[in-house]
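Student: return a 3D structure for these sequence lines:
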Amino acid sequence: MAGRRGHTEVYRGSEYTVDFLPKIKIEIVVADAQATPAVGAIMKAAKTGKIGDGKVFVSNVEQAIRIRTEEKG
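Tutor: Numbers count the residues shown, from 1 in each chain. Coordinates of the predicted model:
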């Protein structure tokens, strides 16, 4: 998914530059024991030290249900 850079538009008679950055959203579910190594791997791969590196959110998954079979757990 690519963003546009340096694209100018006119809105209500004023010209402005649209400076979108490409975005990626990744969602993963891992066992508690693997959370810290997974976050570390993501940070190592994604960090550039520049604005827009993003964020990592860590939260609990209470339940997972497979839609096709309705299997839970």
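Student: tell me the pLDDT of the residue in the chain sticking out farthest from the centre.
Tutor: Relative to the C-alpha centroid of the chain, counting by Cα atoms, centre = their mean, residue 13 is the outermost residue, at 34.5 Å. Note for residue 13: predicted pLDDT of 85.
Student: please apply the same query to residue 20.
Tutor: The score at residue 20 is 72. That number is its pLDDT.
Student: what's it sitting at in phi/psi?
Tutor: Per-residue torsions, residue 20: phi -80, psi 150 (degrees, to the nearest 10).
Student: all numbers from here: first residue = 2
Tutor: Shifting the count to begin at 2 puts that one at residue 21.
Student: what's the burial count for it?
Tutor: 11 (other Cβ atoms under 10 Å). The C-beta positions use only the backbone N, C-alpha and C, and glycine is treated the same way.
Student: and for residue 43?
Tutor: For residue 43, the neighbour count with other Cβ under 10 Å is 14.
Student: just say helix, strand or coil for it.
Tutor: Here residue 43 is helix, with the state taken from DSSP: H, G, I helix; E, B strand; the rest coil.
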